[in-house]
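Enquirer: Sequence first, predicted model second:
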Amino acid sequence: MISLSQLVLQRDERVILDGVNLQVNKGEHWVILGRNGSGKTTILEMITGYLFPTSGTVDVLGHRYGRVDVREVRKRIGYISQSVIEKMSLSDPVWEIVATGEYAFLRFYQEIEPAVIRKAKAMLEDFGIGHLSSQPFGTLSQGERKKALLARALMSSPELLIMDEPCAGLDLYEREKLLNDLNKLGKRDMTVLYVTHHIEEIIPLFTHVALVHEGSIAAAGPKQEVLTGDILGSAYELPVEVDWVHDRPWIRVAPKGDAG
Ligand SMILES: Nc1ncnc2c1ncn2[C@@H]1O[C@H](COP(=O)(O)OP(=O)(O)OP(=O)(O)O)[C@@H](O)[C@H]1O
């Protein structure tokens, strides 16, 4: 599904990615963790073909980047990130924002087919925000925007769904509602890749975790193997304990923790 091999990204003197290797197989759902500036978003931009490595190879959905038109591969990928939200027109009605997902366009310059409009509205109903369909996108709350973007990303039935911190800025209630919707994605024939800073967002949907540290993968594998106090403690340079409750990990900084 995704194979990153010996990815190096150098900008001037700086090595941003330093030999990233990652293999994501069909049927797995991965979370990417790592400290600020460790390289998570850069890795997502490589997978979506917006950035090319200085060296190394990127294979996504059976294609090696550099030998394929990445725009064709991108049609099979749903991508939700703050940068996508910023590209949306705030005055467009929500249903239209969602409908653009059918074609992987940002905006429409031609008439939208009635069947696509119906599908977009049904998708909004599925996410419990059908009543917001005619409202301008810019009037939605952060949580509602995230749901609308998720509905948009699913319009084209992507094989790969990539999310960069979708719960950022959501309150506890909105976050749990969105996580509940995300957990249902397991029923779809789709692989999910999810970047977060919050370990408790690793809902039962997710099977694997990759921990990025200073531009390379410090640990990767089944979540129970990676989310240990020892591994997280050394990446975050803090003594931490991980508790599993309701099949979700919860992190605690140990009493004598000292971020300094
Ligand atoms: N075009 C660029 N030129 C120079 N440095 C860059 C460039 N793009 C990214 N970087 C640097 O690469 C590092 C990795 O950035 P990236 O956005 O991938 O980190 P991240 O793990 O997603 O961080 P965060 O959790 O804070 O969002 C950062 O230190 C950033 O400053």
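Expert: Thanks, I have it. Predicted, not measured: the structure shown is a model, and the values here were computed from it. Residues are numbered from 1 along each chain as shown.

Enquirer: going forward, measure contacts between C-alpha atoms and count neighbours the same way
Expert: Will do.

Enquirer: what's the next secondary structure element after the helix or strand of the chain with the lowest mean pLDDT?
Expert: Least confident element among the helices and strands of the chain, by mean pLDDT, DSSP states H and E: helix 82-87 (a mean of 81). Where DSSP states H and E defines the elements, the next helix or strand beyond helix 82-87 is helix 94-100.

Enquirer: Alpha carbons of that following helix, as PDB, please.
Expert: Output of helix 94-100 as PDB, limited to C-alpha atoms (Å, rounded to 0.1, in the frame of the first residue of the first chain):
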ATOM      1  CA  VAL A  94     -21.200  23.100   2.700                       C
ATOM      2  CA  TRP A  95     -22.800  20.700   0.300                       C
ATOM      3  CA  GLU A  96     -20.700  22.200  -2.500                       C
ATOM      4  CA  ILE A  97     -17.500  21.800  -0.600                       C
ATOM      5  CA  VAL A  98     -18.400  18.200   0.000                       C
ATOM      6  CA  ALA A  99     -19.400  17.600  -3.600                       C
ATOM      7  CA  THR A 100     -16.000  18.800  -4.900                       C
END
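
Enquirer: Give me the residues contacting the following helix or strand past it.
Expert: For helix 94-100, the following helix or strand on the C-terminal side (DSSP H and E) is helix 114-126. Residues outside helix 114-126 that contact it (Cα atoms under 8 Å, 6 or more residues apart in numbering): Trp95, Glu96, Val98, Ala99, Glu102, Gly130, His131, Ser133, Ala148, Ala151, Arg152, Met155.

Enquirer: Now list the buried members of these.
Expert: Buried members of the contacts of helix 114-126, counted by 16 or more other Cα atoms under 10 Å: Trp95, Glu96, Val98, Ala99, Glu102, Gly130, Ser133, Ala148, Ala151, Arg152, Met155.
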